[in-house]
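Q: I need the structure of the sequence given here:
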Amino acid sequence: MSIAHDLASAAELAGKNGVRYPNESEEYRRARTALLAEEIELRRHIERVAELRRALPPGGEVTKDYRFVGENGPTSFSGMFGDKQTLVLYSYMFGPQRERPCPMCTSLLSSWDGEARDVEQRVAFGVVARSPIERLAAFKKERGWRGLRLYSDMEGDYTRDYVNAEDADYPAFNVFTRRDGTIRHFWSGEMGFETADPGQDPRGAPDLMPLWTILDSTPEGRGTDWYPSLDYGGRG
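A: This next block holds a predicted model:
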């Protein structure tokens with residue numbers, strides 16, 4: 001691990017924080033300083049987990065050159081890498097059995113749409129679903145997405161191999177690498193219902209949804225009886 005083991009303690013760093021806000025009480029400041037130490041520990045743990053992820057041994061070789069249909073026509077799995085050595089694919093819950101796409105997936109992708117071009121400076125990035133590309137493109141237009149690259153897995157081979165063997169309409173986040181001409185699976189989000197803690201929806205760590213990152217910083221939190229909507233109507 002490259003992170004030094006002789007770092008100052010989180011409590012020591014938190015004690016150096018000089019931020020104060022108008023009319024705060026001593027009780028608030030003590031609690032906030034203690035929370036800050038935990039936040040520093042969380043930051044360090046996220047970094048340790050990221051290092052462990054990057055240090056994974058080579059994953060399984062991808063032996064099929066899956067076929068997809070993109071907004072500009074047919075493409076292959078290998079072609080989706082473009083000039084990059086890493087490919088990130090999100091599997092979107094918008095299969096032909098759905099009248100409308102998953103609101104949670106849609107909320108996530110809406111937040112990623114603005115970041116897609118930044119992400120693509122480092123890696124190839126795409127969104128895969130089982131519906132025809134015309135249907136995906138129509139919803140992209142409706143939602144106002146501009147940066148995301150959408151692909152239809154009409155044959156379903158990729159989905160059955162890397163999302164759900166029964167071809168169920170599941171979400172998935174997969175990362176693949178191409179090194180020395182060999183494409184391998186690198187990492188996937190593997191947290192689900194089996195790994196969820198009591199009283200919580202299944203979620204990864206760190207959570208990929210900026211929505212939850214924002215709400216987790218508020219006293220209301222993310223709640224247990226509310227989810228994103230596909231349409232909120234007009235806003236003044």
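
Q: which secondary element of the protein has the worst mean pLDDT?
A: Using mean pLDDT, DSSP states H and E, the weakest-scoring helix or strand in the chain turns out to be helix 210-215, at a mean of 89.

Q: Could you tell me how far Leu89 is located from Phe186?
A: 11 Å (C-beta to C-beta, to the nearest Å). Every residue, glycine included, has its C-beta placed from N, CA and C.

Q: Tell me the gap between the least confident helix or strand of the chain and the middle of its chain.
A: What separates the centre of helix 210-215 from the centre of its chain is 12 Å, taken as C-alpha atoms, centre = their mean, to the nearest Å.

Q: what do Leu89 and Phe186 both touch?
A: Jointly contacting Leu89 and Phe186 under the rule C-beta atoms under 8 Å, 6 or more residues apart in numbering are Val175, Phe176.

Q: neighbour count winner among these two?
A: Leu89 (25 against 19; other C-beta atoms under 10 Å).

Q: which residues touch the helix or strand containing that one?
A: Assigned by DSSP states H and E, Leu89 belongs to strand 86-91. By C-beta under 8 Å, 6+ apart, the list of residues contacting strand 86-91 from outside reads 80-81, 108-109, 112, 119, 122-129, 159, 162-163, 170-178, 186.

Q: which of the residues in the longest helix seen in the chain are buried?
A: The longest helix of the chain (DSSP state H) is helix 26-54. Using 16 or more other C-beta atoms under 10 Å as the burial criterion, the residues of helix 26-54 that qualify are Arg32, Leu36, Ala37, Ile40.

Q: what about it, average pLDDT?
A: Per-residue pLDDT values across helix 26-54 average out to 96.

Q: Show me this structure divided up by domain.
A: Following automatic domain parsing, one finds the domains of the chain at 10-55, 67-188.

Q: Gly223: which of these is closest?
A: domain 67-188 (13.5 Å; C-beta to C-beta).

Q: what ranges of the chain fall below the confidence cut-off?
A: 1-5, 234-236 (pLDDT under 70).

Q: all strands for it, in order.
A: 67-70, 73-76, 86-91, 124-129, 150-152, 172-179, 182-188 (DSSP state E).

Q: can these go into CSV with extra columns for distance to Ser9?
A: CSV is the format used below for the strands of the chain (distance: least, C-beta to C-beta, whole Å):
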stretch, distance to Ser9
strand 67-70, 50
strand 73-76, 51
strand 86-91, 35
strand 124-129, 38
strand 150-152, 47
strand 172-179, 34
strand 182-188, 31
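
Q: I'd like to know which of those strands lies nearest to Ala50.
A: The closest of the strands of the chain to Ala50 is strand 182-188. By C-beta to C-beta, the value is 10.8 Å.
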